[in-house]
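Student: Below are the sequence and a predicted model for it; my questions follow.
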Amino acid sequence: MDYWGLLVFLSQIIATFVGLTNSQPDLRYHFCTGDNDTTSMYEVNKNTLLHSLSSNMDIYGFYNSSLGQNFDRVNAYALCRGDVKLDICRSCVTNSTLKLMQLCPNYKGAIGWYDLCTLRYSNQSLFGIVEGGLSMTAYIYSGGVSDVIQFNSVLRTLLDSLRSQAASGGHLRKFATGNMKGPHFLTIYGLLQCTPDLSDLLCNDCLDGAAGEIPRCCNGTTELWILKPSCALRYDIKRFYDETPASAPPPLQLPSPPPPSASPGKGDSTSRTGIIIVIPITVSLILIISISIYLRKRKHMNSKYKIDESKFKMIFDHILH
Ligand SMILES: *[C@@H]1O[C@H](CO)[C@@H](O)[C@H](O)[C@H]1NC(C)=O
Ligand SMILES: *[C@@H]1O[C@H](CO)[C@@H](O)[C@H](O)[C@H]1NC(C)=O
Ligand SMILES: *[C@@H]1O[C@H](CO)[C@@H](O)[C@H](O)[C@H]1NC(C)=O
Ligand SMILES: *[C@@H]1O[C@H](CO)[C@@H](O)[C@H](O)[C@H]1NC(C)=O
Ligand SMILES: *[C@@H]1O[C@H](CO)[C@@H](O)[C@H](O)[C@H]1NC(C)=O
């Protein structure tokens with residue numbers, strides 16, 4: 001019997017049930033691109049354009065635009081994760097615009113990846129193209145996967161399916177989420193997205209390229225982000241996204257609460273039986289949670305990579321232009 005797998009499984013159900021899964025690490029990263037030698041006209045266009053992004057985000061969480069002529073022309077887009085509500089999307093774009101302008105003063109371009117949105121600007125045209133060379137991979141290697149071969153096979157199937165769903169999502173949104181049961185009670189949750197200005201084929205290629213990096217960079221990791229300018233791939237063994245009606249599978253099955261007691265007349269004996277059953281269950285649940293949290297902590301401490309101040313192990317691929 002695989003007790004570790006069972007514990008992870010149980011603690012996931014319990015954590016989902018009592019809403020403990022919100023301890024998501026907050027991933028953010030940026031690159032400044034081009035040179036930092038801009039004209040004042042470029043700066044004016046850049047500020048105007050970037051400040052216009054947030055309010056223009058469409059309900060699918062995307063907006064692209066350009067402003068200015070010739071050498072002073074600025075191109076920009078913002079993309080929110082496909083499961084993010086419009087008000088949060090706008091707030092994310094507003095915040096990251098301000099941050100990115102502070103982090104890359106006077107630069108012609110920049111890209112910022114935040115948990116819920118991506119923002120990019122450049123003096124070069126950005127629309128409908130996939131650019132190699134700007135990429136970030138972050139992962140957490142917790143050592144929690146005991147059957148890597150089978151895990152990889154399920155992961156591959158999941159990512160292939162989500163990739164074709166995302167690529168064929170249409171010109172407004174290219175986004176897909178879903179999950180699959182892996183070995184030893186693990187469930188793998190995936191999220192794939194492209195900017196919607198890409199063709200189906202380019203989206204497919206971008207995501208395929210991202211998935212192709214996994215065996216080399218991140219074999220057997222349980223949490224992974226691969227972020228590129230035009231597409232993003234993320235998976236985890238905890239659910240990290242909101243179900244959306246557009247492209248999402250049915251929600252995770254939660255244990256349904258017991259029906260309210262029908263006849264209050266016989267209350268006494270029923271409720272005593274109730275308490276007698278509930279107490280051992282509660283005690284076992286608390287035990288299981290504590291043990292699994294303890295084991296998890298230990299697994300993290302023994303993990304292959306030391307992750308100190310940052311929770312992540314990161315790989316960058318950055319070409320200035
Ligand atoms: C551009 O960056 C260099 C270092 O990379 C710095 O020395 C210089 O002051 C920056 N120029 C401007 C206008 O910010
Ligand atoms: C944006 O910043 C404000 C103020 O710091 C914060 O309250 C809000 O949660 C941020 N929005 C997002 C999406 O992070
Ligand atoms: C963008 O700026 C770079 C210098 O940073 C310049 O070499 C390039 O020609 C510019 N591209 C456009 C389309 O203006
Ligand atoms: C934004 O992207 C759309 C495709 O989604 C494209 O038709 C449009 O020209 C782009 N906007 C600008 C200002 O280039
Ligand atoms: C991934 O790890 C498993 C188990 O350690 C190993 O059998 C497999 O060959 C690895 N795959 C790659 C591509 O390194």
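Tutor: In hand now; what should we look at? Ligands and ions are numbered 1, 2, ... in the order given.
Student: near ligand 4 at all, stretch 65-73?
Tutor: Yes - counting by CB under 6 Å from any ligand atom, ligand 4 is contacted by stretch 65-73 at Ser65, Ser66. Heads up, the C-betas are built off the backbone N, CA and C, glycines and all.
Student: and the end-to-end length of that stretch?
Tutor: Terminal residues of stretch 65-73 lie 11 Å apart, using CA to CA, to the nearest Å.
Student: hmm, that stretch touching ligand 3?
Tutor: Yes - among the residues of stretch 65-73, Phe71 lie within reach of ligand 3 under CB under 6 Å from any ligand atom.
Student: Leu207 and Asp72: what is the separation?
Tutor: Distance from Leu207 to Asp72, counting by CB to CB, to the nearest Å: 34 Å.
Student: for Leu172, same thing?
Tutor: Shown here: Leu172 relative to Asp72, a distance of 30 Å by CB to CB.
Student: The two: which has the busier surroundings?
Tutor: The neighbour count for Leu172 versus Asp72, taken as other CB atoms under 10 Å, is higher for Asp72 (17 against 13).
Student: Secondary structure element holding the spatially closest residue to that one that is not a sequence neighbour?
Tutor: Using CB to CB, 6 or more residues apart in numbering and skipping the chain neighbours, the partner closest in space to Asp72 is Met41 (4.3 Å). Taking DSSP states H and E as the criterion, the element that holds Met41 is helix 40-56.
Student: What count of nearby residues applies to the closest residue to ligand 4 within the stretch 1-150 of the chain?
Tutor: Nearest residue of the stretch 1-150 of the chain to ligand 4, counting by CB to the nearest ligand atom: Asn64, 3.7 Å away. The burial metric for Asn64, expressed as a neighbour count using other CB under 10 Å, is 18.
Student: tell me what the helix or strand hosting it is packed against?
Tutor: Taking DSSP H and E as the criterion, the element that holds Asn64 is strand 62-67. For strand 62-67, the packing partners by 3 or more CB pairs under 8 Å, 6 or more residues apart in numbering; DSSP states H and E come out as helix 40-56, strand 74-80.
Student: Was I right to think the residue of the stretch 1-150 of the chain closest to ligand 4 contacts Asp58?
Tutor: No - with contact defined as CB atoms under 8 Å, Asn64 does not reach Asp58; the gap is 10.2 Å.
Student: OK, contacts around whichever residue of the stretch 101-250 of the chain sits closest to ligand 1?
Tutor: Nearest to ligand 1, among the residues of the stretch 101-250 of the chain, is Asn106, at 4.1 Å (CB to the nearest ligand atom). Applying CB atoms under 8 Å, 6 or more residues apart in numbering, we find Asn106 in contact with Asn36, Asp37, Thr38, Glu43.
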